[in-house]
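*Asks:* I'll drop the sequence and a predicted model, then ask my questions.
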Amino acid sequence: EPEVTQTPSHQVTQMGQEVILRCVPISNHLYFYWYRQILGQKVEFLVSFYNNEISEKSEIFDDQFSVERPDGSNFTLKIRSTKLEDSAMYFCASSGDRGRSETQYFGPGTRLLVL
Amino acid sequence: AQSVTQLDSHVSVSEGTPVLLRCNYSSSYSPSLFWYVQHPNKGLQLLLKYTSAATLVKGINGFEAEFKKSETSFHLTKPSAHMSDAAEYFCVVRSQGNTDKLIFGTGTRLQVFP
């Protein structure tokens, strides 16, 4: 069964450093998402992406964040200058279409720790 | 605005006994509701979804959920728990309007004892 994959599974970085989290969505999917979960808190929506542009972003997704689909398979989340509060589990998801009945398929997550 | 409330942060059951994970939603229109499960070190896996068809929804691994508009509930049930059901369960609602944003509950950790 096709699945979303994410690399790395864990990343430790120093505050102020740039990190890139990578995702490979399901191959025929067109809609891509990032969510995050700070330890002990809810999973929160960050951004959705379609047709090489951001469709929607939350207020969390400020200028420090960017997303890109650099080739036909990868979807990346970049944090330019990490802060301590960026420590969280980051989930990538993809779906084949939009609409109320569509399922978003999630990857296993990348656990980011900012020191 | 849409929201979901998971009424229990932890639920413990014995293997072979029924499972009930409670979820109430708040929505000004007919919502799309989902249950996802997260096993340790795994991604969020869809268990089932309600999108305005049948109110009793059957999912994978013997789970089902019933949409009750009068009670604004979407509780997850399973007749007989298995050790492999131990995981974190999330009730999720799709945000209203021209958006695909999912709104998650706080999660319920299910423990299954032998």
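*Replies:* Structure's in. What do you need?
*Asks:* chain B: strands as residue ranges?
*Replies:* B:3-6, B:10-14, B:19-21, B:23-26, B:33-38, B:44-50, B:56-58, B:64-68, B:73-78, B:87-94, B:102-104, B:108-113 (DSSP state E).
*Asks:* residue A:29: what secondary structure?
*Replies:* coil (DSSP: H, G, I helix; E, B strand; the rest coil).
*Asks:* one step back: can I get the strands of chain B in JSON lines with mean neighbour count?
*Replies:* All C-beta atoms are positioned from the backbone trio N, CA, C, and that covers glycine. Shown next, in JSON lines, are these (neighbours: other CB atoms under 10 Å in any protein chain shown):
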{"stretch": "strand B:3-6", "mean neighbour count": "18"}
{"stretch": "strand B:10-14", "mean neighbour count": "13"}
{"stretch": "strand B:19-21", "mean neighbour count": "18"}
{"stretch": "strand B:23-26", "mean neighbour count": "19"}
{"stretch": "strand B:33-38", "mean neighbour count": "24"}
{"stretch": "strand B:44-50", "mean neighbour count": "20"}
{"stretch": "strand B:56-58", "mean neighbour count": "14"}
{"stretch": "strand B:64-68", "mean neighbour count": "18"}
{"stretch": "strand B:73-78", "mean neighbour count": "20"}
{"stretch": "strand B:87-94", "mean neighbour count": "22"}
{"stretch": "strand B:102-104", "mean neighbour count": "23"}
{"stretch": "strand B:108-113", "mean neighbour count": "17"}
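*Asks:* for residue A:107, which of the ones you listed is the nearest?
*Replies:* Evaluated over the strands of chain B, closeness to residue A:107 peaks at strand B:44-50, with 8.5 Å, by CB to CB.
*Asks:* related to what we said a few turns ago, got JSON lines for the strands of chain B, with mean pLDDT and distance to chain A too?
*Replies:* As requested, the strands of chain B are exported to JSON lines (pLDDT from 0 to 100; distance: least, CB to the nearest CB, whole Å):
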{"stretch": "strand B:3-6", "mean pLDDT": "94", "distance to chain A": "10"}
{"stretch": "strand B:10-14", "mean pLDDT": "97", "distance to chain A": "13"}
{"stretch": "strand B:19-21", "mean pLDDT": "98", "distance to chain A": "16"}
{"stretch": "strand B:23-26", "mean pLDDT": "95", "distance to chain A": "13"}
{"stretch": "strand B:33-38", "mean pLDDT": "95", "distance to chain A": "7"}
{"stretch": "strand B:44-50", "mean pLDDT": "93", "distance to chain A": "4"}
{"stretch": "strand B:56-58", "mean pLDDT": "94", "distance to chain A": "12"}
{"stretch": "strand B:64-68", "mean pLDDT": "95", "distance to chain A": "13"}
{"stretch": "strand B:73-78", "mean pLDDT": "97", "distance to chain A": "14"}
{"stretch": "strand B:87-94", "mean pLDDT": "95", "distance to chain A": "6"}
{"stretch": "strand B:102-104", "mean pLDDT": "94", "distance to chain A": "4"}
{"stretch": "strand B:108-113", "mean pLDDT": "97", "distance to chain A": "12"}
